[in-house]
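Undergrad: Build me a structure from this.
(2 chains)
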Protein chains: 2
Amino acid sequence: MTTSSISIRPAVESDLSEIVRMLADDPLGSQRERSVDPLPNSYYAAFEAIQQDSNNELVVAEAKDGGIIAVLQLTFTPYITHQGGWRATIEAVRVDSQYRGSGLGRDLLTWAICRAQNHGCHLVQLTTDKERPKALKFYESLGFMASHEGMKLKLSEWPRNVT
Amino acid sequence: MTTSSISIRPAVESDLSEIVRMLADDPLGSQRERSVDPLPNSYYAAFEAIQQDSNNELVVAEAKDGGIIAVLQLTFTPYITHQGGWRATIEAVRVDSQYRGSGLGRDLLTWAICRAQNHGCHLVQLTTDKERPKALKFYESLGFMASHEGMKLKLSEWPRNVT
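TA: Just a heads-up that it's a prediction; the model follows:
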């Protein structure tokens, strides 16, 4: 798909350092990523696992000059609920800081929603950190409803966090 | 795993009608499931897709008499974020109405969290409908934090729901 001069395509391994750079360029991401050269092997292992799984797609947006300017991951999951309906989960959305507010995020999400629809999903879901109020408004403008609580349990702290 | 007289095991196809019965026995589930005999084929297709996917596990709790009394689905997903960390997603949790408040839900969730830990996940996540305040408290007691908004977009309404 091409949005004016931008193309959206599956990520390849050589995109990985640019993807991690974008993930780390953010107040939350900077605390948990390691955008160093060479990248930690764990990033390559995860990339390979995503490639091997037909229900996972890592997608990038590429500028006219070939630079990687946005990323997201799409996961398709079959569930028994909703009469055996498939869902798509969108995660790890990041737009290069220079392109925020340009409409690129909207184009990328719209692409992902269409992809989910073509895959036969009845629902697209995502969670967004409550510390990102702008992101919440953005997803609401695309039609998402914050009908659920998004709950996380860090296994490094478990079972100390059980009450 | 056995919790007193209850065993937790992977679901088999012959459990499906009991699983759907439990999913439908709930104010939200009754609106979206079809617990009829024979079950709609879409349930069997979803069961088969789950079985074929090594990153998806449908798990049931079985009482001593062989009855199916709880269900959940566990999905393992590799992500680039968190330095290439795997996550486990828990969905479609349901405990038979006769066993609610018995501690069975807690045993089943604890089993799933241990399973995620053994699988090398750094995080377990789930979303819970804001119309289920008791469920929120239950998950918090297990160590989950409602740090995120859980956003859903119904594709049957899209793009009419775009603003």
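
Undergrad: Now do the same for the nearest residue to A:N161 once chain neighbours are set aside: helix, strand or coil?
TA: Spatial nearest neighbour of A:N161, chain neighbours left out: B:G143 (3.5 Å); criterion: Cβ to Cβ, 6 or more residues apart in numbering or on different chains. Just so you know, the C-beta spots here come from the backbone N, C-alpha and C atoms, and that holds for glycine as well. Secondary structure for B:G143, judged by DSSP: H, G, I helix; E, B strand; the rest coil, is coil.

Undergrad: show me what contacts B:G143?
TA: With contacts defined as Cβ atoms under 8 Å, 6 or more residues apart in numbering or on different chains, the neighbours of B:G143 are A:L153, A:E157, A:W158, A:P159, A:R160, A:N161, A:V162, A:T163.

Undergrad: Can you report how many residues lie near the third one?
TA: In this case it means A:W158. 19 (other Cβ atoms under 10 Å in any protein chain shown).

Undergrad: Quick check: the gap between it and A:K152.
TA: As for A:W158, its distance to A:K152 is 11 Å (criterion: Cβ to Cβ, to the nearest Å).

Undergrad: now the strands: where do they sit in chain A?
TA: Assigned by DSSP state E, chain A shows strands spanning A:2-3, A:6-10, A:56-62, A:68-78, A:86-95, A:123-129, A:145-154.

Undergrad: Of all these, which one is nearest A:P27?
TA: strand A:123-129 (10.2 Å; Cβ to Cβ).

Undergrad: what are the pairing partners of that closest one, and which direction each?
TA: strand A:86-95 (parallel), strand B:145-154 (antiparallel) (DSSP bridges).

Undergrad: Could I get the pLDDT score of the closest residue to A:S102 other than its chain neighbours?
TA: Nearest residue to A:S102 in three dimensions, chain neighbours excluded: A:V95, at 8.0 Å (Cβ to Cβ, 6+ apart). pLDDT recorded at A:V95 is 95.

Undergrad: What is the burial count for A:V95?
TA: Other residues near A:V95 come to 23 when the count uses other Cβ under 10 Å.

Undergrad: next one: A:R94
TA: Around A:R94 there are 23 residues (other Cβ under 10 Å).

Undergrad: And stretch A:126-141, what's buried?
TA: Buried residues in stretch A:126-141, counted by 16 or more other Cβ atoms under 10 Å in any protein chain shown: A:L126, A:T127, A:T128, A:R132, A:A135, A:L136, A:F138, A:Y139, A:E140.

Undergrad: Right, I'll call it a day here.
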